[in-house]
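got a structure for you, letters missing:
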Ligand code: HMG
Ligand code: MG
């Protein structure tokens, strides 16, 4: 039977909030994760252990993990750029020996172009892969699962159109070092469905589609279409951000990820079933409320199209 179960990785607490200028209290970040869990989200990227000099907004992630409500059956991941970030995670786990653990999964990241890797990790792509391999081994040895990200899979803010063969090779390197899945990021959010399709055709030559995820920023309004294109290609894991929050600090002008509410709405009544913890799926109405709640905390309105329309009716 065809696998029609779609997994959503809710990246709002990490990708969504990392770009915010103002200081967001730890209590708000923790409450966002609590609310997402209660709405039925099964996989949540809770924050990152990166340099606070590079991304100040993620500085309190350890406190967020201890304050948020952890629900059974929900997976909480954290983004890690290097060994120091992994050390932060393992120190936190050692200080809080609870069951289930505060987190059991990290995500690592690099990019398909040297220019973007330089901006985001201060090194080349090849060098980043060399540095990440021992971090991945150490994480696996510590019993953590490791997810990989490849950024700028369609276009790069610094070097333009991206060579999809590079995307394939970098993604394969992450799988070979032990990542169970690689999320392909249209960081800039310029990709069209046709480009996504061509990119995926190339990447699928080296990696089984069950190990791929789609991560589409929505700068040009194509993210929902790109999600559907990825599903057509057999991808069943989609990264999304409640309220359409976010952007990358190193991709100027890029907007947030595809809004989780918009993905949920688009898949209603389709062949696909979105996996979730409460009643087996993610509750769209609750997610609309979460999207508005966090947007109001940030002093703005939800940018989710479905979230706005549902609130207005
Ligand atoms: P660097 O400056 O080359 O590193 O940055 P360094 O080793 O020289 O360290 C600089 C300072 O940061 C030192 O402090 C380190 O101790 C500290 P000092 O000695 O000066 O006081 N430091 C750390 N502190 C806490 N946690 C750490 C850590 N590492 C070093 N883990 C580095 C290299 C990798 C650290 C830096 O480039 C960095 O943190 N980059 C992360 C950038 C980031 O978070 N970007 C956003 C996430 S990726 C993304 O959004 C894309 C994605 O969504 C997919 C897509 O859309 O494409 C995933
Ligand atoms: Mg992103």
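Yep, that arrived. Keep in mind that what you see is a predicted model, and the values were worked out from it rather than measured. Residues are numbered from 1 along each chain as shown. Ligands and ions are numbered 1, 2, ... in the order given.

how much space is there between the closest residue to residue 33 other than its chain neighbours and residue 256?
Closest residue in space to residue 33, ignoring its immediate chain neighbours: residue 68 at 4.2 Å, by CB to CB, 6 or more residues apart in numbering. For the C-beta atoms, the positions are set from N, CA and C on the backbone; glycine is no exception. For residue 68, the distance to residue 256 equals 21 Å [CB to CB, to the nearest Å].

Close to ligand 1: what parts of the stretch 151-300 of the chain are there?
For the stretch 151-300 of the chain, the residues in contact with ligand 1 (CB under 6 Å from any ligand atom) are 151, 185, 187, 215, 217, 248.

Among those, which ones are in helices?
Using DSSP state H to define helices, no part of those is located there.

Now pLDDT and neighbour count too, for the residues you listed, in CSV please.
Formatted as CSV, these follow (pLDDT from 0 to 100; neighbours: other CB atoms under 10 Å):
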residue, pLDDT, neighbour count
151, 98, 29
185, 98, 29
187, 96, 29
215, 98, 28
217, 97, 28
248, 71, 24
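
mind checking how far whichever residue of the stretch 101-250 of the chain sits closest to ligand 1 is from residue 152?
Nearest to ligand 1 in the stretch 101-250 of the chain, going by CB to the nearest ligand atom, is residue 185, at a distance of 2.7 Å. Distance of residue 185 to residue 152, given as CB to CB: 7 Å.

all helices for the stretch 151-300 of the chain, in order.
Counting by DSSP state H, counting those that start in this stretch, the stretch 151-300 of the chain has helices at residues 164-176, 193-203, 223-232, 260-267, 284-297.

what is the rounded mean pLDDT of the third one?
Right, helix 223-232. When pLDDT is averaged along helix 223-232, the result is 98.

ditto for the longest one
Mean pLDDT, computed over helix 284-297, is 97.

Give me the helices and strands touching that helix, please.
helix 26-38, helix 260-267, helix 305-312 (3 or more CB pairs under 8 Å, 6 or more residues apart in numbering; DSSP states H and E).

Please identify the most buried of those.
helix 260-267 (a mean of 26; mean count of other CB atoms under 10 Å).

contacting residues around it?
Contact with helix 260-267 is made by 6, 8, 10, 12, 41, 223-224, 227-228, 238, 240-244, 274, 282, 284, 287-288, 291, 302, 304-307, 310, as judged by CB atoms under 8 Å, 6 or more residues apart in numbering.

Is residue 9 in a helix, a strand, or coil?
strand (DSSP: H, G, I helix; E, B strand; the rest coil).

OK, contacts around the nearest residue to residue 63 once chain neighbours are set aside?
Spatial nearest neighbour of residue 63, chain neighbours left out: residue 26 (4.6 Å); criterion: CB to CB, 6+ apart. Residues near residue 26 by CB under 8 Å, 6+ apart: 60, 63-64, 67.

Just give me the closest of those residues to ligand 1.
Checking those against ligand 1 by CB to the nearest ligand atom gives residue 60 as the nearest, at 11.9 Å.

and the gap between the closest one and residue 279?
Counting by CB to CB, the gap from residue 60 to residue 279 is 32 Å.

Settle it for me: which of those two has more neighbours?
Neighbour count, other CB atoms under 10 Å: between residue 60 and residue 279, residue 60 has more, with 19 against 8.

mind listing what the more buried one touches?
Residue 60 makes contacts with 26, 29, 47, as judged by CB under 8 Å, 6+ apart.

and the longest helix anywhere in the chain, what does it pack onto?
Secondary structure of the chain per DSSP H: the longest helix is helix 125-141. In terms of contacts (3+ CB pairs under 8 Å, 6+ apart), helix 125-141 is packed against helix 83-95, strand 105-111, helix 114-121, strand 145-151, helix 164-176.

let's see 6 Å
When contacts are defined as 3 or more CB pairs under 6 Å, 6 or more residues apart in numbering; DSSP states H and E, helix 125-141 sits against helix 83-95, strand 105-111, helix 114-121.

Would you mind giving the orientation angle of that helix with respect to helix 164-176?
Here helix 125-141 runs at an angle of 20 degrees relative to helix 164-176 (axes from the mean of the first three to the mean of the last three CA atoms, to 10 degrees).

Report the angle between helix 125-141 and strand 145-151.
160 degrees.

and helix 125-141, which residues are buried?
Using 16 or more other CB atoms under 10 Å as the test for burial, helix 125-141 gives 125, 128-129, 131-133, 135-136, 139-140.

quick one: which of those residues is nearest residue 98?
residue 139 (19.0 Å; CB to CB).

and residue 37, what does it touch?
By CB atoms under 6 Å, 6 or more residues apart in numbering, the residues touching residue 37 are 71, 74.

Could you check how far it is from ligand 1?
21 Å (CB to the nearest ligand atom, to the nearest Å).

coming back round to it: out of the contacts of residue 60, flag the one nearest to ligand 1.
Closest approach between the contacts of residue 60 and ligand 1, by CB to the nearest ligand atom: residue 47, at 10.3 Å.
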